[in-house]
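Peer 1: For reference, the sequence and a predicted model appear below.
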Amino acid sequence: MRGRILELRVHGVSNTPPADSLGVDPGAAVDPVPPRLVAGDATTGFYRLADPGFPIDPAGPIGPAAPAAPAGPIGPAGPIGPAGDEPVVVEAYSWGQLTSGARTARDIERALWTALLPFTLANIALHARPDVPADPADERWNSRSGIAAWLIRLFCLSLTATLVLAAAGIGVDLIAWQCVDPRCLAQLPGPWGFLGHGWWSTAARPLAVGLLLPLGLLAMVGLLTWRTFQYEAELPAAPVDPPDEDPLDNPLRHPTFWCGEGQVRRLAAVHLATGAAAAASVPLGAVLLMDPPTGPRAALGWGAAGALVATVTLAAAALGHPYLARRAGQAPVGWYARLMLSLALAGVLVTVVTLLLPDGPRGIPLTDLRPPVGCLADRGQPGCGADRSLPGYDALIAWLASLQVLLLIAIGGVSRTGRRALAGPVTGAIALVTAFSWYAGALPRVPDPPAGLPAWAAILLVFAVTAAATLLLPRRSSVGPGPTRDHRPAWAGCGPAVLAGLGWLLGSAYSAGALHWTTARLNRDVSGTGVAAVLAPVPTMWAGPAVLAAALTLLGTAARVWFEFAALRRNSLAGIITAGHRLSAHDRRRARDVAAYHALHRLVGERALRLVGQFTAVSGGLAVVASAAALTGLRPTPGSPRYWAMLVHGTIDAGAALAGLLPVVVGMVGLLVYRHDSVRRVVGVVWDIGTFWPRAAHPLAPPSYAERAVPQVQTRATGLMALPADDPRGADGVILSGHSQGAVILVAVILQVPARWRRRIWFFSYGCQLSRLYGRVFPAYFGPDRLPAVTSALTGPDDRIRWTNFWRPTDPLGWPVPAGEREVVVRDPESLHPRDGEVRDPPIRSHGGYPLSIEYLRERAAAVAFLSALGPAPRLPPIPAPTDPPDPAAVPCPADPHADSGSVPGPDRVDPRSAGEVS
C-alpha cells in the first residue's frame, strides 16, 4: 500500500455490519463479494472489500499493492484522490460483538451483564466528576477530585453490599429463619424440608444453610467478572517511540488510562471480600446481640466479628489510596488485597462454625425467638407474633440506605462546590444518629420528642436540611462553564450524584423486588387464609409505594417528552413550510417527516439531560422518604390487613411486584438488544456509553469494550504506517473515520497515539455526541476545556487542524463540535420530492449513511490530497530474523512514572511491524 492512504472506519452503537460500513449496496443486481477479515478475529476485526487488483491472502494480511486506479467518479469505498490515481483503501473495524453481537450462546451471559446495570451507572459516576486532573499524579486524596473519587468508590462498595444483603435477606431471613412450617418449605425448589425438623432446625444452624445463598451469588458474580479480565489486559503493540513531550492536557492522554487490569483485579478483591463480610454479618450479628455466647463459642463469635469489621475497615481505607485509585501497577492483587480476602474468608468460616454450635446459656436463645412450627395453623401459640423477622436485619438494611443517601448528598456537594460541602453530610449524619437515639429513648436527661412530630418526619427533616445546606452552596468548578448553556456541565455540576443515584434507585428496586417475589412465593400456599408464612422486611414494604410512585413519575416524564416533541415538531414544520409557499400534498407529508426528525434532534440534544435530571430528583426524593420511614422500623400495614389497610397493602404489593419484574424486564431488554436492531438503537446509546468507561470504581460492572477497542485501533493504524519501505502493505497516512460512538473511541485513540504518527492522521467525526452529551456529562474529558486537547494533537507544523466534523439537523445524536476545524452540515434529505428522473423519495438518512454524502466525499478528497503531500511516512528498520523466543515483558504496559507499584507486565505481543496485526 505504498503511497496510499488508509481510511479506517469505526461504527457506532448499532453494530453496523462491515459490509454496510464499507459501502456495499445490498440491493445491487449482482451479489456483492462479502468483506474479508484482514486483521483481528470474529469478535473484533478489521475488514476490507476483496479487490482483484489488491488480493487478500486467506492465510495472512493484505497482499501486494494494486495498480493505480483509473480516474473516474468518486465512490464511497472506491478510488479517490487529487487526480483519481491515488486510491484510498477503506477498512472497517467491527467491535459490536463486544456489546451487541449476533445470536450466540453468550446472549445469556450478556443478559446477566445487563442485570448489573446499577453497578454500571455507579461506575461511570467516577468519570463524571467535573474536575479530574489531566495527570493522575496531580490528584491527592484530600483534594476535591480525590475526595469525590473516594466517596464514589465507597458508594460503589455499599451498592455491592446492598446486593449481597438482599440475597442474605432471602436465604437467611425469609428461608432459614421465618420459613419453618413444612407448607412453607414445600414452596422452595429442592429438598429444603430438613430445615423444619431434626438437628438442622435447632439453634442457629438453619442460618448457616441460608448463608449459602448470598455467598453463592457473590461467587457467581465474581466468576463472571474474572472471565472478563482479559479486556483490561489488552495492551497496544504500537511502535516503540520515545516519550512524547506533549503536556498531559487530558486524562485520556495518560499512557495507563486503558491499561487497568491490575486496578480491576484489586478492586474486585476488595468488593468480594466486603460482600462476604456483609453476608456473614447478618446471622452473626443476630447471634451476638440476642444470644451472647460464652466460652469457646464466644471466642469464635467475637473473633469472627473482629475479622469482618477489619475487612470492611481496610476496604474503606484502601479506596482512597493510590493502590486502588491509580490504574498503573502490577497485575497481581498484592498483599493488601490478599490480606482482606484472607480476613473475609476466615470471618465467614468462623461464622459458620459459630452458627453450628449450640446456643449459649446467656441472653435470649435464638430458638425462643424463631417462629415455631405450627404458626400457620395456630396464630395464638407463643412465638407467633406480628414481627417474626430476623433480629437486626431490618435495621441493617435501613441504616445502609440512610448511609447511601448521605453519600449521594456528599458526592453531589463535593462535585458541585468542593471540600467545604462535606460539612453538611457530616452534620447530617450526627443529627440523624441523635434523632434516632432521641426517639429510641437513649438520650438521658432529654425531654421526650413532641407527640405531633413522628419519627419518620424528624428523620426526613434531617435529610432535607442536609441536602439543602449541601447542594445549594455556590458552585465552584475548575472546568470552564463553556461558551453557551448547552455546553455547561450537566445537572448543575452534580453529574456524579445523578448517575450514582440512578444506580442506587435501580439497585434498591432490584433488591426490594427480589425480596417481595420470594415472600410472595413462600406465602403462595397460604394465600387467602389471612395468615402469612413469612413477612417481608420493613424496608421492602416501604420501597413498594416509592417504586410505584417512581413508575408513575416515569409515565409522566414520557408524556412530557411527547408533548415537547409535538411542540418542537410544529415549530420545525413552520420553518420548513414558509408562509405564502404552497406545497403539494406529497411535499407536505414529506415536510412533516423531516420536521419530526428535526424535533427529535433538538429534543435529544437540548432537553434530554434536563428531563433525566428531573426524573432522578423526583424519584430520589421518593426513595429518601421511604428510607426515612424504614429507619423507624414501623410497618406500613399489619401482617393481615383489613378494611382501609387493604388499600395501603395493595399499593405496597403493586409497587413491590413492579420492582420484582424490573430485573426480568431489564434482562429481556438485554436479550433483545443483541437480537433486534430497532431495540439496539434505542437502548444501545445508554448501554455503550456506560460500558465505554473503564471499571475504575466498580469492578463488578460489565467490562469496558474500549479497553480492547482502543489498543487495537491504535495498533492497527500506527502499525501500518510503521512498516518498512519495501512492504507493500504500508500506509503513508490514515483517515480515522468514526461514526457516533466510534468517534468517541477514535478520540481516545488519537490522544494515545505518539506525536510522530499523529502528524499523518486526519480525523472524521460524524453523527457524534462529543459536545452535547459527552461534553456535558463528562466535562473533565470532553468538556470545552479538555476537548481542545484533540485539536492540539491534530494540529501540524503548518497550524492546520486535521479534524472535520459532519452533522445533520435530522440526526438526534449528530451535533456540532466547536473544537474541530471544520463543521460540515450534511443536507438531509436532498429534496422533498424525487428529481433527476427518480421515482422514489430521497431517503432521510438521519443517523446513518454519512460516507455516502457528497459533503463527506468532498472532504475526504481534500484530506487525501493533504496526507499524500506529506510524503512517505517514517519507517522502522527491517525486522531481523528471529533467534530466540520473544520476551513476554518486552512490550510492557506504559508505566506511570509517578506510581510506586511499577509498570504492568502484559501478555505476549506480536511485533507492530507485522501489518498492524492485533491479538
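Peer 2: Yes, it's here.
Peer 1: Strands of the stretch 1-150 of the chain, start to end?
Peer 2: Here the stretch 1-150 of the chain has its strands, by DSSP state E, counting those that start in this stretch, at 5-10, 36-40, 45-48, 88-94.
Peer 1: can you pull the pLDDT of residue 285?
Peer 2: At residue 285, the model reports a pLDDT of 90.
Peer 1: For my notes, confirm it occurs in a helix.
Peer 2: Yes. Secondary structure of residue 285 (DSSP: H, G, I helix; E, B strand; the rest coil): part of a helix.
Peer 1: how far away is the closest residue to it other than its chain neighbours from residue 515?
Peer 2: Nearest residue to residue 285, sequence neighbours excluded (CB to CB, 6 or more residues apart in numbering): residue 392, at 5.0 Å. (Each C-beta comes from the backbone N, C-alpha and C, glycine too.) Counting by CB to CB, to the nearest Å, the gap from residue 392 to residue 515 is 16 Å.
Peer 1: cool, residue 146 as well?
Peer 2: 36 Å.
Peer 1: if we can go back for a sec, I'd like the strands of the stretch 1-150 of the chain laid out as a markdown table, including mean neighbour count.
Peer 2: Listed next are the strands of the stretch 1-150 of the chain as a markdown table, based on neighbours: other CB atoms under 10 Å:
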| stretch | mean neighbour count |
| --- | --- |
| strand 5-10 | 25 |
| strand 36-40 | 20 |
| strand 45-48 | 23 |
| strand 88-94 | 26 |
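Peer 1: In stretch 342-352, which residues are buried?
Peer 2: Judged by neighbour count (16 or more other CB atoms under 10 Å), stretch 342-352 contains these buried residues: 343, 344, 346, 347, 348, 350, 351, 352.
Peer 1: where does the stretch 801-919 of the chain have low pLDDT?
Peer 2: Under the criterion pLDDT under 70, the flagged ranges of the stretch 801-919 of the chain are 821, 873-919.
Peer 1: With the stretch 1-150 of the chain instead?
Peer 2: Within the stretch 1-150 of the chain, the ranges that satisfy pLDDT under 70 run 1-3, 25-32, 51-87, 99-112.
Peer 1: what residue lies at the spatial centre of the protein?
Peer 2: residue 120 (2.7 Å; CA atoms, centre = their mean).
Peer 1: Was I right to think that one contacts residue 701?
Peer 2: Yes. With contact defined as CB atoms under 8 Å, residue 120 counts as touching residue 701 (4.6 Å).
Peer 1: can you map out the strands along the stretch 601-750 of the chain?
Peer 2: Along the stretch 601-750 of the chain, counting by DSSP E, counting those that start in this stretch, strands occupy 733-739.
Peer 1: can you pull out the strands in the stretch 201-350 of the chain?
Peer 2: Under DSSP E, counting those that start in this stretch, the stretch 201-350 of the chain gives no strands.
Peer 1: now residue 151, nearest residue through space, not along the chain?
Peer 2: In space, residue 151 comes closest to residue 411 once its chain neighbours are excluded; the distance is 5.0 Å by CB to CB, 6+ apart.
Peer 1: Counting neighbours, what do you get for that neighbour?
Peer 2: Residue 411 sits with 32 neighbouring residues when counted by other CB atoms under 10 Å.
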